[in-house]
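Visitor: Please find the sequence and the predicted model below.
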Amino acid sequence: MKRAGLGYGGGENPCITSLADNGTVESLRYYLARRTLLEMLRDRGYDVPESELTRSLSDFRTVFGDKPDLERLRVSASLRSQPSRKVLVIFCGTAEINKQIMFGVLHQTANEEGLQRVILILQSKMNFHAKKMVDQYPIKVETFHIADLLVNVTKHVCQPKLEILTAEEKQKLLKEYKVDNNQLPKMLETDAIARYYGLEKGQVVKSTYSGSLTGSLVTYRCIV
């Protein structure tokens, strides 16, 4: 039976089944996670090419294939304000990460000049010995599970506009309201937003909410 508009039996519009994604789930996961990662780096002030941010899924599969090589997915970027300060992002495999595997992963950073931060994208658990190695590494190392990057948390419809205060802006705020860090509302360092922006203890976030009912509302939260 033919139905107008759906393209069954040779109609003008394509069959709805043709809209299904024919690529691998694996490549889709890497595409989404890498896109969020690149957006995160941009929002942290790193220089990320616009072509990388706007790359489509089909273009991603053309470049990296349906089973991407993790080495090719890695990203290196420099701060726009200080080009000598760099971050390196490494995608890890699906095996549980032990001390030996972590040694191999971190060894990849040895020859990176100006490296100030490393971000590891995990797909499995990291055991105690690997975590200890990360904690003792001389360069700041962050870890994200790939599932946490499939969606950009900052793009949620209810997410307020966020600004990270500079040290000078923070001191001005504390002086204006005659308060100290402990008297400001708190945001955990493990909060998804704090992790997205790479915030550390003591930093202050300005959140601006706007809506037809509440108007504009500004709050400040200190990372703890």
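Guide: Here it is on my side, so go on.
Visitor: Show me how this structure divides into domains.
Guide: Residue ranges for the domains of the chain, per automatic domain parsing: 25-151, 154-223.
Visitor: Mean neighbour count and mean pLDDT added to those, as JSON lines?
Guide: Just so you know, the C-beta spots here come from the backbone N, C-alpha and C atoms, and that holds for glycine as well. What follows is the domains of the chain, written out as JSON lines (neighbours: other Cβ atoms under 10 Å; pLDDT from 0 to 100):
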{"stretch": "domain 25-151", "mean neighbour count": "16", "mean pLDDT": "96"}
{"stretch": "domain 154-223", "mean neighbour count": "14", "mean pLDDT": "90"}
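Visitor: in this protein, which spans are helices?
Guide: With DSSP state H, the ranges of helices along the chain come out as 25-43, 50-53, 57-64, 70-73, 99-107, 128-136, 167-177, 192-197.
Visitor: Mind putting those into a markdown table with distance to residue 158?
Guide: Output for the helices of the chain, formatted as a markdown table (distance: least, Cβ to Cβ, whole Å):
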| stretch | distance to residue 158 |
| --- | --- |
| helix 25-43 | 18 |
| helix 50-53 | 23 |
| helix 57-64 | 26 |
| helix 70-73 | 31 |
| helix 99-107 | 36 |
| helix 128-136 | 33 |
| helix 167-177 | 24 |
| helix 192-197 | 12 |
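Visitor: Isn't residue 201 up against residue 194?
Guide: No. Counting by Cβ atoms under 8 Å, residue 201 does not reach residue 194; the two are 9.5 Å apart.
Visitor: Please name the residues that touch the residue most central in space within the chain.
Guide: Residue closest to the average C-alpha location in the chain (Cα atoms, centre = their mean): residue 37, at 3.6 Å. Listed by Cβ atoms under 8 Å, 6 or more residues apart in numbering, the contact set of residue 37 reads 75, 89, 119, 121, 144, 149.
Visitor: can you rerun that using 6 Å?
Guide: 89, 149 (Cβ atoms under 6 Å, 6 or more residues apart in numbering).
Visitor: Ok, residue 49 next?
Guide: Applying Cβ under 6 Å, 6+ apart to residue 49 gives no contacts.
Visitor: For residue 65, see how far away it is.
Guide: 21 Å (Cβ to Cβ, to the nearest Å).
Visitor: Residue 29 now?
Guide: 14 Å.
Visitor: swap in residue 23?
Guide: Residue 23 is 10 Å from residue 65, by Cβ to Cβ.
Visitor: quick one: the residue lying closest to residue 224 once chain neighbours are set aside from residue 223, how far?
Guide: With Cβ to Cβ, 6 or more residues apart in numbering as the criterion, residue 224 has its nearest non-adjacent residue at 4.9 Å, and that residue is residue 186. Computed as Cβ to Cβ, the residue 186 to residue 223 distance reads 8 Å.
Visitor: what do you get for residue 23?
Guide: Residue 23 sits at a distance of 39 Å from residue 223 (criterion: Cβ to Cβ).
Visitor: And stretch 182-198, end to end?
Guide: In stretch 182-198, first residue to last residue: 21 Å (Cα to Cα, to the nearest Å).
Visitor: Stretch 55-71 too?
Guide: Start-to-end span of stretch 55-71 (Cα to Cα) is 19 Å.
Visitor: contact partners of that stretch?
Guide: For stretch 55-71, the surrounding residues in contact (Cβ under 6 Å, 6+ apart) are 23, 24, 27, 30, 31, 91.
Visitor: Run the chain-centre distance for that stretch.
Guide: Relative to its parent chain, stretch 55-71 has a centroid offset of 18 Å by Cα atoms, centre = their mean, to the nearest Å.
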